[in-house]
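[1] Give the three-dimensional model of this entry:
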Amino acid sequence: MRDLAQMEVPFLDLRAQHLSLEVELTAAFQRVLRDAVFVGGPELDRFESEFAAYCDVTEAVAVSSGRMPCDWLTSLSVLKLVTK
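    Modelled structure (predicted):
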């Protein structure tokens, strides 16, 4: 049995992963920089539509972190209590 303390786990090679997408990613970065739309905008709309289609659902909402949906649910719960 291998000693877990001696076990080496390789790091994720993001460079290799992104290399196959370089042309597509560069074009997207250039569109965002050219249009100066860094929050929301057509790129986000397109991402949400394509991701919804990929997930076979009608809508998708991009968020900045995994905590944001939890904050939304908490806010909605509080709002629901206040409006009763």
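[2] residues near the nearest residue to residue 38 once chain neighbours are set aside, how many?
    Computed as Cβ to Cβ, 6 or more residues apart in numbering, the closest residue to residue 38 that is not its neighbour in sequence is residue 32, at 6.6 Å. C-beta here means a position set from N, CA and C on the backbone, and glycine is covered the same way. By the criterion of other Cβ atoms under 10 Å, residue 32 has 15 neighbours.
[3] got it, and residue 28?
    14.
[4] which residues does it contact?
    residue 43 (Cβ atoms under 8 Å, 6 or more residues apart in numbering).
[5] Okay, it and residue 50: tell me how far apart.
    Applying Cβ to Cβ, to the nearest Å, the value for residue 28 to residue 50 is 12 Å.
[6] and if you look at residue 12?
    Taking Cβ to Cβ, one finds residue 12 at 24 Å from residue 50.
[7] between the two, who's got more neighbours?
    Between residue 12 and residue 50, counting by other Cβ under 10 Å, residue 50 is the more crowded of the two (11 against 8).
[8] so which strand or helix has the more buried one?
    helix 41-54 (DSSP states H and E).
[9] other SSEs contacting that helix?
    Judged by 3 or more Cβ pairs under 8 Å, 6 or more residues apart in numbering; DSSP states H and E, helix 41-54 is in contact with helix 22-35.
[10] The helix it packs on vs helix 41-54, what angle?
    140 degrees (axes from the mean of the first three to the mean of the last three Cα atoms, to 10 degrees).
[11] would you put the C-alpha positions of helix 22-35 in CSV?
    Output of helix 22-35 as CSV, limited to C-alpha atoms (Å, rounded to 0.1, in the frame of the first residue of the first chain):
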residue,chain,number,x,y,z
GLU,A,22,-7.3,29.8,-27.7
VAL,A,23,-8.9,31.1,-30.9
GLU,A,24,-12.4,31.1,-29.6
LEU,A,25,-11.4,32.6,-26.2
THR,A,26,-9.3,35.3,-27.8
ALA,A,27,-12.2,36.3,-30.1
ALA,A,28,-14.5,36.5,-27.1
PHE,A,29,-12.1,38.6,-25.1
GLN,A,30,-11.6,40.9,-28.0
ARG,A,31,-15.4,41.4,-28.4
VAL,A,32,-15.8,42.2,-24.7
LEU,A,33,-12.9,44.6,-24.7
ARG,A,34,-14.0,46.3,-28.0
ASP,A,35,-17.6,46.8,-26.7
